[in-house]
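Colleague: no sequence on this one, just coordinates:
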């Protein structure tokens, strides 16, 4: 997906939010906005939003001197998600379609996204998504592809959400490689966060080789690109990965909640809708 | 009120919205955002938002070549409001407290604000506000001051809303001077709009001498400033005038709906709340 004009005001909002995770100093925050302002002319609408996001959040880190503004809040989200783990596993035990329930939980976890939303209630979200229909529902294709594949490439999105990813990985019962960001960016899941979430017990964890908040292939390591291009079954979580990959010609299942109007419009759904969309799949 | 950091992303949103009133050309809109970006560093947080707004909207006009992007939509709003005039007058006839009902209608009209909101339903708003309580309620003081005064200085805000102002002016039954912007800015009420709304039948119409979207005294004409400083009873409609005047030391009654989080916080109310606040009044 390309960057839309509407993303530009949103980058300012995001830069401000990230700065405030680190400092209440108004002058520092103003300096962040000033710097971003100077760069607007260099934002190409042909880039994907995660490419710009990478720049924006790195700039916040540079000016505030804090390489990982979301460190504390990521830990909180992982702990919160882990505290729900047992009860979610029980709900899966009692459900009619275990895989579908796990898919829904994995999408519910996608509400933990501090790039796109300010506040959320994960328990509300689990309840809401468990009861709601997918706006785009390629679940049958997803199940069929999963049955046939001998491995899964799973592109993680946010820390905390990663615990819900783990539950889905456990339910899929296929050898899985879980892909994380190469370095801290927003509240996106890194190697350390994935381990904290217990992903190491159920999957191999690999880095995309990039700290963009979305798997932008041209920014990824050669090793990762090779792995990606040969994967038969790819699960892509969240908006950032969708923005990065929606125009690629690989078979991918996107699992996400549409949290911003630009992405909702791109997908042809409403803000808040739950999406399981297979692209380049039959 | 000073400009808050959160106003900066909002200026980008507003610039984009104003540009789209004139053109669908993405390159033109990008140029507007680029220009605004370059100016962020010059935005002083000690300015009031209408001072920045004046710059932003004039820049949109300059780049798009359209001095009055909201001209058509202002006419639509005035026509819509005029079509409701008779039924609102009837509701006042049937109400227990005619003045209070007229005040509520005047505040309901404040939803017609294309700087702060994208879409609205004026009939819904009239119903909602007629039934709701003020979050800040200085109505008794308002009534007392009105009884004592021999004239009213009424600072208009938006075109369309002006028809609701007219209804309040008719109900107050005092010689009234209605203040308009000196030139088109956003959908704010100008001399021409005020006449279209029938204000000329019930009040003298004067210009503030400035095209800022709020009565920023230092930008107003000397003639207007003299009038303002000697006024005994001032009604200020809407967010823009509140932003411009909230720190001034004159007795003013602010009538508005809090439409953005920054103003809501400044007033100590919630977004959506209805406010009748007297400042420097006993």
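Modeller: Yep, that arrived. All values derive from a computational prediction rather than experimental measurement. Numbers count the residues shown, from 1 in each chain, chains lettered A, B, ... in the order given.
Colleague: got the buried residues for stretch A:18-33?
Modeller: A:18, A:19, A:20, A:21, A:22, A:23, A:28, A:29, A:30, A:32, A:33 (16 or more other Cβ atoms under 10 Å in any protein chain shown). All C-beta spots, glycine's among them, are computed from the backbone N, C-alpha and C.
Colleague: Let me know the average pLDDT across that stretch.
Modeller: The pLDDT scores in stretch A:18-33 average 97.
Colleague: helices or strands up against the longest helix seen in chain A?
Modeller: Longest helix in chain A, counting residues (DSSP state H): helix A:71-94. With contacts taken as 3 or more Cβ pairs under 8 Å, 6 or more residues apart in numbering or on different chains; DSSP states H and E, helix A:71-94 sits against helix A:98-108, helix A:122-131, helix A:161-172, helix A:191-196.
Colleague: can I get the ones you listed in TSV with mean pLDDT?
Modeller: Listed next are the helices and strands packed on helix A:71-94 as TSV, based on pLDDT from 0 to 100:
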stretch	mean pLDDT
helix A:98-108	95
helix A:122-131	83
helix A:161-172	98
helix A:191-196	98
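Colleague: Check these for me and report the most buried one.
Modeller: The highest average neighbour count among those, using mean count of other Cβ atoms under 10 Å in any protein chain shown, belongs to helix A:161-172 at a mean of 26.
Colleague: what's in contact with the following helix or strand past it?
Modeller: Per DSSP states H and E, the first helix or strand lying C-terminal to helix A:161-172 is strand A:176-180. Contact partners of strand A:176-180, identified using Cβ atoms under 8 Å, 6 or more residues apart in numbering or on different chains, comprise A:151-156, A:162, A:165, A:169, A:188-191, A:193-194, A:199, A:202-208, A:215, A:224, A:227.
Colleague: now the angle from strand A:176-180 to helix A:161-172?
Modeller: Relative orientation of strand A:176-180 and helix A:161-172, computed by axes from the mean of the first three to the mean of the last three Cα atoms, to 10 degrees: 170 degrees.
Colleague: about what we covered before: which ones among the contacts of strand A:176-180 are found in strands?
Modeller: Counting by DSSP state E, the contacts of strand A:176-180 place A:152, A:153, A:154, A:155, A:204, A:205, A:206, A:207 in strands.
Colleague: Now do the same for the fourth one: its pLDDT.
Modeller: Residue A:155 carries a pLDDT value of 98.
Colleague: now do the last one
Modeller: At residue A:207 the predicted local distance difference test score is 98.
Colleague: Now stretch A:210-227: buried residues?
Modeller: In stretch A:210-227, counting by 16+ other Cβ under 10 Å, buried: A:210-217, A:219-220, A:224-225, A:227.
Colleague: residues near residue A:258, how many?
Modeller: 25 (other Cβ atoms under 10 Å in any protein chain shown).
Colleague: which residue sits closest to it in space, ignoring its chain neighbours?
Modeller: Using Cβ to Cβ, 6 or more residues apart in numbering or on different chains and skipping residues adjacent in sequence, the residue nearest residue A:258 is residue A:264, 4.2 Å away.
Colleague: my read: the one you found touches residue A:242, true?
Modeller: No - when contacts are counted by Cβ atoms under 8 Å, residue A:264 is not listed as touching residue A:242 (11.2 Å).
Colleague: residues contacting the residue nearest to residue A:273 when sequence neighbours are not counted?
Modeller: Spatial nearest neighbour of residue A:273, chain neighbours left out: residue A:135 (3.6 Å); criterion: Cβ to Cβ, 6+ apart. By Cβ under 8 Å, 6+ apart, the contact list for residue A:135 reads A:258, A:267, A:269, A:270, A:273, A:274, A:275.
Colleague: show me what contacts the closest residue to the fourth one other than its chain neighbours?
Modeller: Distance criterion Cβ to Cβ, 6+ apart; nearest residue to residue A:270, sequence neighbours excluded, is residue A:264 at 5.7 Å. Contact criterion Cβ under 8 Å, 6+ apart gives A:258, A:270, A:271, A:273 as the residues in contact with residue A:264.
Colleague: And what about the third one, helix, strand or coil?
Modeller: Following DSSP: H, G, I helix; E, B strand; the rest coil, the label given to residue A:271 is coil.
Colleague: Could you say which helix or strand holds the residue nearest to it when sequence neighbours are not counted?
Modeller: Leaving aside its chain neighbours, residue A:271 sits nearest to residue A:264 (4.7 Å; criterion: Cβ to Cβ, 6+ apart). Assessed by DSSP H and E, residue A:264 sits inside helix A:261-267.
Colleague: can you give me the mean pLDDT across whatever helix or strand comes next after that helix?
Modeller: Downstream of helix A:261-267, the first helix or strand assigned by DSSP H and E is strand A:274-279. The predicted model gives strand A:274-279 an average pLDDT of 96.
Colleague: Adjacent strands (with direction) for strand A:274-279?
Modeller: strand A:136-137 (parallel), strand A:252-257 (antiparallel) (DSSP bridges).
Colleague: ok, residue A:111 touching residue A:125?
Modeller: Yes - using Cβ under 8 Å, residue A:111 makes contact with residue A:125 at a distance of 4.2 Å.
Colleague: Give the residues shared as contacts by these two.
Modeller: The contact lists of residue A:111 and residue A:125 share residue A:257, where a contact means Cβ under 8 Å, 6+ apart.
Colleague: who in the stretch 1-150 of chain A is up against chain B?
Modeller: A:5-6, A:8-10, A:12-13, A:16, A:26, A:29-30, A:33-34, A:36-41, A:45 (Cβ under 8 Å from any Cβ of the partner chain).
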